[in-house]
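Student: 3D, please:
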Amino acid sequence: MAKVDLEKRRGARLRAYAIDQALTQLESAHPGFQPEAIVASICAYEEEGNIGGVLDKMPATVDGAAYTTLVVVDGGDDRTAEIARSYPGVMVIEFPVNLGHGVALQVTYRYCIDHGVKYVVTLDADGQNDPAEIPQVLAPLLSDEADFVVASRRLGVDKTSDRFRKIGVFFFSFIMNRMTGATLTDTSTGYRALRVTMLADVVDRLTQEQYQTAELLITCLKRGWRAAEVPTVWHPRFSGTTKKGKNFLFGFRYTKVVFSTWWRER
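Tutor: Numbering: from 1, shown residues only. Got it, this is the predicted structure:
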């Protein structure tokens, strides 16, 4: 038992060190930088073939308001960070090693909390989400109709061809709605708009290094925060293959996260 605890402690300290190095690098590159009230965050792992295409499509403003684009590069050995930094105004947090998508999201949330951001939109780095939709994803937050907004491919259009994933979207939505009393159609999307005061309430409860979408949504719903949906067009990846793993393995791991989070928050 002592050996396991020692390994966990070592891993936690190494993770904290890597995150601190990344944040120190950002501060050195942009001393005193203060993000806008709205942050659009893109977590990326070895997406050099896609990140430029996503950044090219980012809107100039959100309903006339300035916002900050934040790219969190989760380690990797390609040029994702270099390409992101080549775009004027884009802030980059670059982990020296791969820590996991869930960790990258947690760092995003804590950065926004610590810097007084009001709203954060998270979207994928592979081109499946259209940045032009950011204003409509944010709208229910700005009108104070919700605290957590999901961009639903079932309410909109899913242009991908993976039938297993489409069945999974329906299945997990059904299960999570039964667990939480919600009526959402797409509970496994990473395209979301989040109120930062809500994140401040839940961030210390988040533990998943991967597959954090379910953990965050269940935790927020169980703690009484309001969720809403808007339709989205879900596109195939610009290039490359998913980092989420084979369908069966992804489904198994995602199911484990859903039930473990529900058990914790019940």
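
Student: just checking, A151 is part of a strand?
Tutor: Yes: assessed by DSSP: H, G, I helix; E, B strand; the rest coil, A151 belongs to a strand.

Student: That one contacts A132, doesn't it?
Tutor: No: the pair A151 / A132 is not scored as a contact, 11.9 Å apart, by C-beta atoms under 8 Å. Just so you know, the C-beta spots here come from the backbone N, C-alpha and C atoms, and that holds for glycine as well.

Student: who has more neighbours, those two?
Tutor: The neighbour count for A151 versus A132, taken as other C-beta atoms under 10 Å, is higher for A151 (27 against 11).

Student: now that one: how far from S173?
Tutor: 13 Å (C-beta to C-beta, to the nearest Å).

Student: Find the residues that touch each one of these two.
Tutor: D186 (C-beta atoms under 8 Å, 6 or more residues apart in numbering).

Student: Give the rounded mean pLDDT of stretch 44-54.
Tutor: What stretch 44-54 shows for mean pLDDT is 97.

Student: end to end, how far does it reach?
Tutor: With C-alpha to C-alpha, to the nearest Å applied, stretch 44-54 spans 11 Å between its terminal residues.

Student: how close does the closest residue to T61 other than its chain neighbours sit to A146?
Tutor: Spatially, and ignoring its direct neighbours in sequence, T61 is nearest to Y67 (7.1 Å; C-beta to C-beta, 6 or more residues apart in numbering). Relative to A146, Y67 is positioned 18 Å away (C-beta to C-beta).

Student: And the two? Which one has more around it.
Tutor: Under the criterion of other C-beta under 10 Å, the comparison of Y67 against A146 puts Y67 first, with 25 against 21.

Student: can you tell me how far that one sits from I38?
Tutor: 4 Å.

Student: burial of R226, as a residue count?
Tutor: Neighbour tally, R226, other C-beta under 10 Å: 17.

Student: wait, is C43 part of a strand?
Tutor: Yes: with three-state DSSP as the criterion, C43 is part of a strand.

Student: That one: neighbouring residues, count only.
Tutor: Close neighbours of C43, defined as other C-beta under 10 Å, add up to 25.

Student: Could you find the closest non-adjacent residue to it?
Tutor: Nearest non-adjacent residue to C43, counting by C-beta to C-beta, 6+ apart: A104, 4.1 Å away.

Student: buried sites along the helix or strand encompassing V103?
Tutor: In this assignment (DSSP states H and E), V103 forms part of helix 101-114. The neighbour-count check on helix 101-114 (16 or more other C-beta atoms under 10 Å) flags 101-113 as buried.

Student: Give the helix, strand or coil label for G127.
Tutor: Using three-state DSSP, the three-state assignment for G127 comes out as coil.

Student: Without its sequence neighbours, what residue ends up closest to it?
Tutor: The shortest distance from G127 to any residue other than its chain neighbours is 3.5 Å, reached at F238 (C-beta to C-beta, 6+ apart).

Student: I'd guess that neighbour is in a helix, am I close?
Tutor: No: secondary structure of F238 (three-state DSSP): coil, not part of a helix.

Student: Quick check, it in contact with I51.
Tutor: No: taking contacts as C-beta under 8 Å, F238 lies outside contact range of I51: 9.2 Å.

Student: out of those two, which sits in the busier spot?
Tutor: For F238 versus I51, the count of surrounding residues by other C-beta under 10 Å is larger for I51: 27 against 16.

Student: Tell me which residues touch the nearest residue to G89 once chain neighbours are set aside, please.
Tutor: Leaving out its chain neighbours, the residue that sits closest to G89 by C-beta to C-beta, 6+ apart is T69, at 6.7 Å. With contacts defined as C-beta under 8 Å, 6+ apart, T69 is in contact with V39, A40, I42, L55, M58, Y87, G89, V90, M91.

Student: please redo it, this time with the cut-off set to 6 Å
Tutor: Counting by C-beta atoms under 6 Å, 6 or more residues apart in numbering, T69 makes contact with A40, M58, V90.

Student: Ok, V73 next?
Tutor: A44, T80, A81, E94.

Student: Point out the ones among the residues you listed that are inside strands.
Tutor: Taking DSSP state E as the definition of strands, the contacts of V73 contribute A44, E94.
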